[in-house]
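1. Coordinates for the following, if possible.
(one chain, ligands or ions: 1)
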Amino acid sequence: MVLGELVRLRPLEPDDAEALWRWNHDPDVMRWMSDGYGQSLSDARKQLAERPRNAYGDVLYGVEARADGRLVGLVRLRDAEPETGCAELDLYLGEKDVWGRGYATDAMRAMCRYGFEKMRLHKITLTVVTENHAAYRVYRKVGFVEEGRLRKVFRRDGEWYDMFTMGLFADELR
Ligand SMILES: CC(C)(COP(=O)(O)OP(=O)(O)OC[C@H]1O[C@@H](n2cnc3c(N)ncnc32)[C@H](O)[C@@H]1OP(=O)(O)O)[C@@H](O)C(=O)NCCC(=O)NCCS
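-> You can find the predicted model right below:
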């Protein structure tokens, strides 16, 4: 359990599959994220039940609102390499009614602190579609620095979009 000011990060339970499945079929939530090929609810349940337990190379936490204990999103530190101490971060909040309350910023801070302190990471990186202004704002607020631009790598509704690569060192976390 990882505590932020507004959210709590906790491992997922089998009963969380329905929320994840609902979020993954919401076009507003998935607007700037890879949406795969569609998944049935029973496949989502099976995938979550069979997911290996959290470990250094893949830490997935549910983001729970401390106010009411509701699961509102996911945050994940993946592909951590012991040789370099570099890992990649993914974040999304699937419950749209909590957007704009500072939850994503708080979840990012808590997960990055966890990565640097508990996992002793050297650097955390992420990618974000350049048009995803809310996410970009969250990452900048937390201290991530833009490091590069991947041209036309994300496709949505027949259009190609660029992505920023961003990175954060421990002493840059705000
Ligand atoms: C993007 C997302 C993570 C933001 O979560 P959130 O809890 O609403 O974020 P916060 O409330 O912590 O902060 C949002 C910030 O973005 C700003 N913002 C919101 N919409 C914006 C827009 N269209 N343009 C610019 N800034 C915007 C807010 O004003 C706020 O900044 P501020 O605190 O300086 O005012 C959430 O909406 C989400 O998960 N969306 C769908 C999935 C997704 O895009 N994930 C990221 C993939 S890289």
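2. Isn't Met30 up against Arg22?
-> No - applying Cβ atoms under 8 Å as the test, Met30 and Arg22 come out as separate, 11.3 Å apart. In short, each C-beta sits where N, CA and C put it, glycine included.
3. Go ahead and flag the most central residue of this protein.
-> In the chain, the centroid-proximal residue (Cα atoms, centre = their mean) is Leu91; its distance is 1.4 Å.
4. now Thr165: how far from the ligand?
-> As judged by Cβ to the nearest ligand atom, to the nearest Å, Thr165 and the ligand stand 11 Å apart.
5. got the contact list for Leu6?
-> With contact set as Cβ atoms under 8 Å, 6 or more residues apart in numbering, Leu6 has these partners: Ala65, Arg66, Ala67, Arg101, Gly102, Tyr103, Asp106.
6. The fourth one: how many residues sit nearby?
-> For Arg101, the number of neighbouring residues by other Cβ atoms under 10 Å comes to 15.
7. Secondary structure element holding it?
-> Per DSSP states H and E: Arg101 is located in neither a helix nor a strand.
8. any idea how far Val72 is from the nearest residue to it once chain neighbours are set aside?
-> The shortest distance from Arg101 to any residue other than its chain neighbours is 7.1 Å, reached at Leu6 (Cβ to Cβ, 6 or more residues apart in numbering). Distance, Leu6 to Val72, by Cβ to Cβ, to the nearest Å: 10 Å.
9. Burial check on Gly167, number of neighbours?
-> Applying other Cβ under 10 Å, we find 17 residues neighbouring Gly167.
10. Pretty sure it sits against Thr127.
-> No - applying Cβ under 8 Å as the test, Gly167 and Thr127 come out as separate, 10.4 Å apart.
11. and the nearest residue to Arg113 once chain neighbours are set aside, what are its phi and psi?
-> Excluding its sequence neighbours, the residue lying closest to Arg113 (Cβ to Cβ, 6+ apart) is Leu173, at 6.7 Å. With angles defined as degrees, to the nearest 10, Leu173 sits at phi -70, psi 130.
12. Looks like Leu173 contacts Val142 (just checking).
-> Yes - if you go by Cβ under 8 Å, Leu173 and Val142 touch, sitting 6.6 Å apart.
13. Spell out which parts of this structure neighbour the ligand.
-> 29, 32-33, 91-93, 99-105, 128, 132-135, 137-138, 141 (Cβ under 6 Å from any ligand atom).
14. one step back: can you list residues touching both of Leu6 and Val72?
-> Common neighbours of Leu6 and Val72 are listed as Ala65, Tyr103 (criterion: Cβ under 8 Å, 6+ apart).
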